[in-house]
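Chemist: Could you work out the structure for the sequence below:
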Amino acid sequence: MLKKFFPLAFQRKKNIVALIVNIIIHIVVDAVIGAAIGLLVKLPLIGGIVSILGSLIGLYFTISLVLSILHYLKVVK
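Modeler: The predicted structure is shown next:
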């Protein structure tokens, strides 16, 4: 069930370089989305909704990053 919700975390990682690339992808995508949401928060009508959405997206990428590391260490299959 986790593979359905976090597909990026369960990609094949044969070596440490693939894991590092996956970690960098997670960080970059989260930073870009966070910056875009940071700009949208300043809008008065949708600021609250966007800030909640940004928190949920940040949480999703954090969980996906942890699952990616655990999958590499073969703790989660």
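
Chemist: Just the residues contacting the lowest-mean-pLDDT helix or strand in the chain, thanks.
Modeler: The least trusted helix or strand in the chain, going by mean pLDDT, DSSP states H and E, turns out to be helix 2-5, with a mean of 81. Residues outside helix 2-5 that contact it (CB atoms under 8 Å, 6 or more residues apart in numbering): 9-10, 67, 76. Glycine gets a C-beta too; all of them are placed from N, C-alpha and C.

Chemist: now with 10 Å?
Modeler: Here helix 2-5 makes contact (CB atoms under 10 Å, 6 or more residues apart in numbering) with 9-10, 60, 63-64, 67, 70-71, 76-77.

Chemist: farthest-separated two in those residues?
Modeler: Among the contacts of helix 2-5, the pair separated by the greatest distance (CB to CB) is Y60 and K77, at 20.6 Å.
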